[in-house]
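A.B. asks: what's the 3D shape of this:
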Amino acid sequence: MAELAKNAMLEVRGLKKYFPVRRGLLQRQVGWVKAVDGVDFTLEKGKIMGLVGESGCGKTTTGRMVLRALDPTEGEILFRKESGAIVDMAQLSNREIKEVRSEMQMIFQDPYSSLNPRMPVLDLIAEPLVAHGWSSRDCEVRVTELMERVGLDPRYIRRYPHAFSGGQRQRIGIARALALSPSLIVADEPVSALDVSVQAQILNLLQQLQQDLNLTLLFVAHDLSVVRYLCDEVAVMYQGRLVEQAQTEDLFTNPRHPYTAMLLSAAPAPDPHASWMDEDVDTSEAGEAGDVGEGCAFAGRCRYASDRCRSEVPGLEDAGGAHIAACHHKDEVELKGV
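C.D. replies: Numbering: from 1, shown residues only. Next comes the predicted model:
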């Protein structure tokens with residue numbers, strides 16, 4: 001029987017997702033795209049973990065596999081239910097997934113496309129409730145309660161999505177995710193499609209909900225300032241693999257992987273006096289991402305790359321405290337000038 005650490009809500013082990021590459025008139029398979037290639041992490045109950053990286057690094061695919069919205073090629077997705085029972089999401093049948101789905105939900109990136117324009121807000125938020133056998137009256141009571149919790153006027157439950165702003169639509173999406181009182185929420189870039197001022201409101205709402213309901217969140221994002229504001233812990237992905245994981249402030253002030261340091265150096269800082277803003281980012285030695293054979297996927301862009309990096313894939317190793325990094329030169333990494 002699978003086991004989890006005492007405080008763990010979710011543990012991912014060796015998670016992989018490969019997509020076939022097909023070419024030619026007959027669409028014959030000629031290879032694989034390794035979207036996620038052996039990811040491991042643990043998410044503690046009541047915590048928020050940020051999953052960050054460039055577009056195409058596999059973070060959204062990982063989030064969807066956690067919920068089994070996408071079937072993994074290989075690996076384990078261990079989830080602790082409210083009853084205390086531990087299930088491997090990767091092994092569940094469709095019927096079994098539906099039973100667990102009430103305890104894990106998703107907030108989508110685009111509030112404009114994630115809501116059916118032909119359905120009123122009442123039906124949109126009540127959709128998961130109806131799927132789990134709630135009566136019409138109980139649904140309306142619950143939707144009214146949820147509208148108030150996310151800061152919307154419950155008198156508007158019979159309006160359609162087009163009558164709401166982008167921020168209000170995302171609040172509706174959050175209410176729908178909360179409908180069945182889940183313990184785990186995967187938030188896939190929930191503020192990236194919103195204006196900056198509205199982003200702050202939604203982040204404050206998520207933070208308040210997490211505290212009030214003791215939610216556990218896997219927060220997928222590419223905006224580092226958002227992640228630093230909201231998350232307790234951060235995991236960094238590059239080309240389908242986890243390259244670094246640490247407590248948020250430790251990772252932002254003491255990155256141990258050159259890719260993380262590059263991301264931080266390239267990101268605009270809210271504090272103009274922050275240390276990584278003192279110098280321009282030096283990318284003159286950075287090559288392009290590409291196939292590096294058997295070695296580190298980042299070697300072609302890394303100023304620290306050695307022959308060992310090009311021939312041996314680094315594993316995640318202790319970098320001090322609760323900090324781990326997959327780099328042969330983790331002790332040499334500096335925040336500035338990567």
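A.B. asks: show me the contacts for residue 309.
C.D. replies: By CB atoms under 8 Å, 6 or more residues apart in numbering, the residues touching residue 309 are 295, 296, 299, 302, 328, 329. Quick note: C-beta positions are derived from backbone N, CA and C, even for glycine.
A.B. asks: ramachandran angles for the fifth one?
C.D. replies: Main-chain dihedrals, residue 328, degrees, to the nearest 10: phi -70, psi -20.
A.B. asks: which strand or helix spans the closest residue in space to residue 96 that isn't next to it in sequence?
C.D. replies: Leaving aside its sequence neighbours, residue 96 sits nearest to residue 87 (CB to CB, 6 or more residues apart in numbering; 7.7 Å). Element membership of residue 87 [criterion: DSSP states H and E] is strand 86-88.
A.B. asks: same question, residue 9
C.D. replies: Per DSSP H and E, residue 9 falls inside strand 8-23.
A.B. asks: what helices or strands is that strand leaning on?
C.D. replies: strand 28-44, helix 59-66, strand 74-80, strand 216-221 (3 or more CB pairs under 8 Å, 6 or more residues apart in numbering; DSSP states H and E).
A.B. asks: can you point out the buried residues in the strand holding residue 87?
C.D. replies: Going by neighbour count (16 or more other CB atoms under 10 Å), the buried part of strand 86-88 is residue 87.
A.B. asks: helices or strands next to it in the packing?
C.D. replies: Under the contact criterion of 3+ CB pairs under 8 Å, 6+ apart, strand 86-88 touches strand 74-80.
A.B. asks: pLDDT of the strand it packs on, averaged?
C.D. replies: In this model, strand 74-80 carries a mean pLDDT of 96.
A.B. asks: mind listing what's buried along it?
C.D. replies: Judged by neighbour count (16+ other CB under 10 Å), strand 74-80 contains these buried residues: 75, 76, 77, 78, 79, 80.
A.B. asks: and the furthest pair within those?
C.D. replies: 75 and 80 (17.2 Å; CB to CB).
A.B. asks: keeping just the C-alphas, turn stretch 79-88 into PDB.
C.D. replies: Extracted in PDB, the C-alpha atoms of stretch 79-88 (Å, rounded to 0.1, in the frame of the first residue of the first chain):
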ATOM      1  CA  PHE A  79      -3.500  11.900  -3.000                       C
ATOM      2  CA  ARG A  80      -4.700  11.800   0.600                       C
ATOM      3  CA  LYS A  81      -8.500  11.900   0.700                       C
ATOM      4  CA  GLU A  82     -10.400  13.600   3.500                       C
ATOM      5  CA  SER A  83     -11.100  10.200   5.000                       C
ATOM      6  CA  GLY A  84      -7.400   9.600   5.300                       C
ATOM      7  CA  ALA A  85      -7.300   7.000   2.600                       C
ATOM      8  CA  ILE A  86      -4.400   7.300   0.000                       C
ATOM      9  CA  VAL A  87      -5.200   6.800  -3.700                       C
ATOM     10  CA  ASP A  88      -3.000   6.700  -6.700                       C
END
